[in-house]
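K.L.:
Quick check, what structure comes out for this input:
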Amino acid sequence: MVTIIFESHSTTLDNEQMLSSGWYDVDLSKLGKAQARQLGERRKDEDFAAIFCSDLKRSYNTAEIAFEGIKINLIKDARLREANYGDLTRHPESQVTHQRGEYVFTPFPNGESFEQGILRVKGFLRDLIRDYDSKKVLIIGHRVTQYALEHYINHVPLEKAITDPWQWQPGWVYYLAQI
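P.N.:
Alright, predicted model coming up:
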């Protein structure tokens, strides 16, 4: 079994403008950098076998700032990216949030469906079980990362995981035994 601590990436410039970034590679805001430092302080005494992030800078910059000066095994993995919102990238968050249910199985125009994004994460989780059994890892990710964790580990129906209201908290714990 792998113990997973999931943390969402810190606040970005797009978050502050209420835009949905998708695969757009946006920077952390000043607030986001402060949040990343708080994450490091919150998790400084935990022993992680590895810290995983997507290859989008809002994810890996959160980790780099949080664990600055600490020797960590930081692994970027593109499978942990947010969903590709295609033509809705950088559109108002309210527009994308309101339409989430329409894109569970149907791709965003010129993008991907949430199901496709979640299947990317499933491949990552299979590798995680194989390579990190009996270990504790940290994943700094996006909503689609957490949707996958909720769906595959907590058995939340896909549509429910995606359309339920989301609220930030200081980390979630998941126990992955099989996928």
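K.L.:
which secondary element of the protein has the worst mean pLDDT?
P.N.:
helix 93-99 (a mean of 90; mean pLDDT, DSSP states H and E).
K.L.:
Name the residues of whichever helix or strand comes after that helix that come out as buried.
P.N.:
Where DSSP states H and E defines the elements, the next helix or strand beyond helix 93-99 is helix 114-132. Within helix 114-132, the residues that qualify as buried are 114-118, 120-121, 124-125, 128, 132, counting by 16 or more other CB atoms under 10 Å. Where C-beta positions appear, they are placed from N, C-alpha and C, glycine not excepted.
K.L.:
what does stretch 12-19 give?
P.N.:
Neighbour-count burial for stretch 12-19 [16+ other CB under 10 Å]: 12-15, 19.
K.L.:
quick one: it to chain centroid distance?
P.N.:
From the chain centre to the centre of stretch 12-19 is a distance of 16 Å (CA atoms, centre = their mean, to the nearest Å).
K.L.:
Ok, stretch 114-130 next?
P.N.:
12 Å.
K.L.:
So which residues make contact with that stretch?
P.N.:
2, 4, 52, 77-84, 100, 103-105, 107, 137, 144-145, 147-149, 151-152, 158, 162, 176-179 (CB atoms under 8 Å, 6 or more residues apart in numbering).
K.L.:
name the element the residue lying closest to residue 147 once chain neighbours are set aside belongs to?
P.N.:
Distances taken as CB to CB, 6 or more residues apart in numbering place residue 161 nearest to residue 147, at 4.6 Å, with adjacent residues excluded. Residue 161 is part of helix 158-163 when elements are defined by DSSP H and E.
K.L.:
mind listing what's buried in the helix or strand following that helix?
P.N.:
Note on helix 158-163: by DSSP H and E, the next helix or strand toward the C-terminus is strand 172-176. Residues of strand 172-176 classed as buried under the neighbour-count rule (16+ other CB under 10 Å) are 174, 176.
K.L.:
elements contacting strand 172-176?
P.N.:
Packing partners of strand 172-176 (3 or more CB pairs under 8 Å, 6 or more residues apart in numbering; DSSP states H and E): strand 2-8, helix 114-132, helix 143-152.
K.L.:
I'd like the average pLDDT over that strand.
P.N.:
Here strand 172-176 scores 97 as its mean pLDDT.
K.L.:
from memory residue 108 sits against residue 82, does it?
P.N.:
No: if you go by CB atoms under 8 Å, residue 108 and residue 82 don't touch, sitting 11.4 Å apart.
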